[in-house]
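[1] Got a predicted model here, sequence first, then my questions.
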Amino acid sequence: MYKYIIIFLFNISLLFSSDFNDIKLQYFKSYDYEHMGKYSEAIKVLTPLYNKYPNGYTLNLRFGWLFYLNKNYNDSIKYYKHATILSPYSLDPRLGLIRVYLDTSSFQKAQTVAYELLKIDYYNYYANIYVIQSLIAQKKYDIATTITNKMLALYPTDIAFLELLAVIYKATNNQYLGKLYEDILILDPNNILVRSNM
């Protein structure tokens, strides 16, 4: 508990230090490079700051994201895991880890992290999407259907969950796939998934 209070007070003290403008400038440069797609440059700009504050939650989260965008997945995992250690109840680094695992076809790992996150926030929108994607990739269609229906009970017109259900229906030759496609097109007449499957 005291550790988190000290980290919080340290981060607050930065707001009032002379370093604040330098820190802000480095972040802004990093964002500019990211928007240009120059991820290595975005990382380089923040590296001196990271060397000074290696236990900064925001820096570790940012490095996780930038290394992910740069397809340096091992580095991305390292920084996301460190951010999770620094803030054990935070959701963002876990969501980042799941994205890395999905992109690297580590579907069981993605599922495991998503389940950990869902223990903290059972109805987290993105964690549910990611766990469904990992289950579909592993052909665990029954569990994927259950979770998709759970979320559709909350978001009955959500295109992302309806599309995931359509993927499940197509994979399992469900007789209601055509009706589901019609429902999706009512909500999204130019839906790419449905149009490419008709």
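    Everything's here; your move.

[2] Show the contacting residues for Leu177.
    Ala166, Tyr169, Lys170 (Cβ atoms under 8 Å, 6 or more residues apart in numbering). Glycine gets a C-beta too; all of them are placed from N, C-alpha and C.

[3] likewise Tyr39?
    Neighbouring residues of Tyr39 by Cβ under 8 Å, 6+ apart: Tyr33, Leu66, Phe67, Leu69, Asn70.

[4] Please report phi then psi for the residue lying closest to it once chain neighbours are set aside.
    In this structure, Tyr39 finds its nearest non-sequential neighbour in Asn70, 3.8 Å apart by Cβ to Cβ, 6 or more residues apart in numbering. In terms of degrees, to the nearest 10, the main-chain angles of Asn70 are phi -80, psi 0.

[5] Test my guess that Asn70 contacts Lys44.
    No: Asn70 lies out of contact with Lys44 (Cβ atoms under 8 Å); the separation is 11.0 Å.

[6] burial measure for the residue nearest to Tyr39, as a count.
    When neighbours are defined as other Cβ atoms under 10 Å, Asn70 has 17 of them.

[7] do the same with Thr146
    12.

[8] which residues touch Ala166?
    For Ala166, the contact set (Cβ under 8 Å, 6+ apart) comprises Leu177, Leu180, Tyr181, Ile184, Leu193, Val194, Asn197.

[9] Need those residues in JSON lines (columns: distance to Phe20).
    Formatted as JSON lines, the contacts of Ala166 follow (distance: Cβ to Cβ, whole Å):
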{"residue": "Leu177", "distance to Phe20": "55"}
{"residue": "Leu180", "distance to Phe20": "52"}
{"residue": "Tyr181", "distance to Phe20": "53"}
{"residue": "Ile184", "distance to Phe20": "48"}
{"residue": "Leu193", "distance to Phe20": "46"}
{"residue": "Val194", "distance to Phe20": "50"}
{"residue": "Asn197", "distance to Phe20": "52"}
